[in-house]
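I'll drop the sequence and a predicted model, then ask my questions.
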Amino acid sequence: MRALALAVFALACACNNVGDSCSQDSDCGGGNVCARDEACWPSSDVRAVKLTWTIGGSAVGSDSCAAYPLFFVNFWSYDEEFGFAPVPCIAGEFPIDKLPNVYTETEIGNDGSGTYFDLSASIDSNGSASFDLAP
């Protein structure tokens, strides 16, 4: 009976560990959330982050984005990296919720279309990072 109780407990806790793979919060349990890197993290260890960009110091628009139509956004920590693509230039921002705090650096770069660029920045304590894509 004790072995059965331990087996049931082990099954109930299978996805509660930090680092377990997930696709939604309910995959994590135990007060953890499914962060955007598709791993379970304690809710206290994730934050919302917003990347913003300008072109030549000015707000983006259809004309100014012509040289940078689509790009990628990456986030990295000391040993992990993940990202998103394609990201449309015209948006002028890329908000992400539930980014684990260990990801402290970000990068935007060309996805193969338009003018080449590759820029990186630290995410500040307010959860922001800004880029200026200079023509």
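Structure's in. What do you need?

quick one, what contacts the nearest residue to residue 46 once chain neighbours are set aside?
Closest residue to residue 46 apart from its sequence neighbours, by CB to CB, 6 or more residues apart in numbering: residue 98 at 4.5 Å. Where C-beta positions appear, they are placed from N, C-alpha and C, glycine not excepted. Counting by CB atoms under 8 Å, 6 or more residues apart in numbering, residue 98 makes contact with 33, 34, 35, 36, 41, 46, 47, 48.

Next, format those as CSV and append distance to residue 24, secondary structure and neighbour count.
Formatted as CSV, those follow (distance: CB to CB, whole Å; DSSP: H, G, I helix; E, B strand; the rest coil; neighbours: other CB atoms under 10 Å):
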residue, distance to residue 24, secondary structure, neighbour count
33, 9, strand, 22
34, 5, strand, 21
35, 11, coil, 27
36, 12, coil, 18
41, 13, strand, 23
46, 14, strand, 22
47, 19, strand, 18
48, 18, strand, 11
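
can I assume the residue nearest to residue 46 sits in a strand?
Yes. Counting by DSSP: H, G, I helix; E, B strand; the rest coil, residue 98 is located in a strand.
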